[in-house]
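Colleague: Starting from these lines, generate the structure:
(one chain, ligands or ions: 1)
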Amino acid sequence: MPKRFVPPNDDVCEVLQQRLFDLIDLASHAKQIHWTVQGREFLALHEFFDEVHADLSDCADHVAERIAALGGHVRGTAKAVAKGSHLPDYPLDIAAAQKHINAFSSSIFQLKMLVRGNVKTVTELKDYSSADLLNQLSRKIDEISWMVGAQMEPKTN
Ligand SMILES: [Fe+2]
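Modeller: Okay, here's the model as predicted:
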C-alpha cells in the first residue's frame, strides 16, 4: 500500500486557534471604536470601524471553520478569547479619534506580524490550504492596516 501523507492537523489547528483568539479580540476592538469614538470624524470612523468589525468577524469565521474542517475543536467564546488573545488590552477610557487609531494600529500591526510568521510555519507543516487561508488573511489585514493608518494625522505634510 502506498504510504499516505497525514497532515499534522493538531499543530495546524493550534496555530489557527491562536490567530482566531486574536481576530475575535481585534474585531471587538473595532466595535469598541464604533461605539465610543468622538470628534469631527465621528460619522466616517463610526461607519468605517463597523465595516472593519464585519471584515474581521468574517476572517474569524473562515479560520474557525478551517479548524473544524481539519477535525479540531474551536474555542471561540468571549472568555476563551480573553484568556487566549495575544493582543494588548484595548484601552476602555479613550474617545478621541487619533487615540483610537493609534491603539488599533498597534494591535493590528502585532496581528500582521504573527500571521506572517504563521504562513511560514504552516507551509513548513505542508498544509498548503491552511497556508493559503493565512495568506488571504494576511492580505486582508494589510488592507485594513493601510486604511486605518491612512486616517492618522500626518506628521509633516
Ligand atoms: Fe452600530
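Colleague: which intervals of this protein have sub-threshold pLDDT?
Modeller: Scanning the chain for pLDDT under 70 picks out 1-8, 156-157.
Colleague: Using the three-state scheme, assign the residue positioned nearest the centre of the chain.
Modeller: Centrality entry for the chain: nearest residue to the mean C-alpha point is Leu23, 3.2 Å, by CA atoms, centre = their mean. For Leu23, the assignment made with DSSP: H, G, I helix; E, B strand; the rest coil gives helix.
Colleague: what sits against the closest residue to it other than its chain neighbours?
Modeller: The shortest distance from Leu23 to any non-neighbouring residue, by CB to CB, 6 or more residues apart in numbering, is to Ala60 (4.1 Å). Using the backbone N, CA and C atoms, a C-beta is placed for each residue, glycine as well. Going by CB atoms under 8 Å, 6 or more residues apart in numbering, Ala60 touches Leu20, Leu23, Ile24, Ala27, Gly76.
Colleague: OK, contacts around the last one?
Modeller: When contacts are counted by CB under 8 Å, 6+ apart, Gly76 touches Leu20, Ile24, Ala60, Ala64.
Colleague: Can you tell me the SS state at it?
Modeller: coil.
Colleague: thinking again about what came up before, out of the contacts of Gly76, which sit inside strands?
Modeller: Judged by DSSP state E, strands contain none of the contacts of Gly76.
Colleague: and of these, the nearest to Glu143?
Modeller: Nearest to Glu143, judged by CB to CB, of those is Ala60 at 16.0 Å.
Colleague: For Ala150, grab the count of nearby residues.
Modeller: 9 (other CB atoms under 10 Å).
Colleague: For Leu20, see how far away it is.
Modeller: Distance from Ala150 to Leu20, counting by CB to CB, to the nearest Å: 27 Å.
Colleague: Give me the neighbour count for His62.
Modeller: 15.
Colleague: Spatially nearest residue to it, not counting backbone neighbours?
Modeller: Leu133 (6.4 Å).
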